[in-house]
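**Student:** I'd like to go over a predicted model; first the sequence, then the structure.
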Amino acid sequence: MEEASEAERNKASRPYDGMAQFSEQHKQLAAQLLTTAATLERGYQAFLGSGNLQVFQPQVNALDKLHRQWLSDLESFKSSLRAQGAEPKALAYVNEAFGRLAERLKKLAG
């Protein structure tokens, strides 16, 4: 009975339990991608909230350039994960999380 209880406590309770962690380099890249996505989202929201995008066109153009770079960096990140042999389930989580961010940014960028 005690062994069964111990086994239950040690059982994976989250879908990602037991998956290998990313390397430090990949963790840092993911953090950079998340930070840049937040910067883009806040920037686009601020300019859209102003109501007059023409006044801020140079800044919006800079955000658009950063957005394109972010998309490129995201693809490089995912390619690097695949090349390093990341588990399919881990790649699915990355695609899910960053895919949602990419969609929000795409809508904001118009």
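**Tutor:** Received, thanks.
**Student:** CA only for contacts and neighbour counts going forward, please
**Tutor:** OK.
**Student:** what's around Trp70, how many residues?
**Tutor:** By the measure other CA atoms under 10 Å, the count of residues near Trp70 is 19.
**Student:** that one: what's it in contact with?
**Tutor:** 33, 36-37 (CA atoms under 8 Å, 6 or more residues apart in numbering).
**Student:** tell me the one of those residues nearest Ala20?
**Tutor:** Ala20 lies nearest to Leu33 out of the contacts of Trp70, by CA to CA, at 20.3 Å.
**Student:** so where's the chain uncertain?
**Tutor:** Within the chain, the stretches with pLDDT under 70 are 1-18, 53.
**Student:** where's the residue nearest the centre of it, which helix or strand?
**Tutor:** Centroid check for the chain by CA atoms, centre = their mean gives Phe98 as the closest residue, at 3.5 Å. Using DSSP states H and E, Phe98 sits within helix 88-109.
**Student:** what's the offset of the strand or helix carrying Ser80 from the middle of its chain?
**Tutor:** If you go by DSSP H and E, Ser80 is part of helix 57-83. The chain centre lies 11 Å from the centre of helix 57-83; the measure is CA atoms, centre = their mean, to the nearest Å.
**Student:** can you check stretch 100-110 too?
**Tutor:** On CA atoms, centre = their mean, the centre of stretch 100-110 falls 12 Å from the chain's centre.
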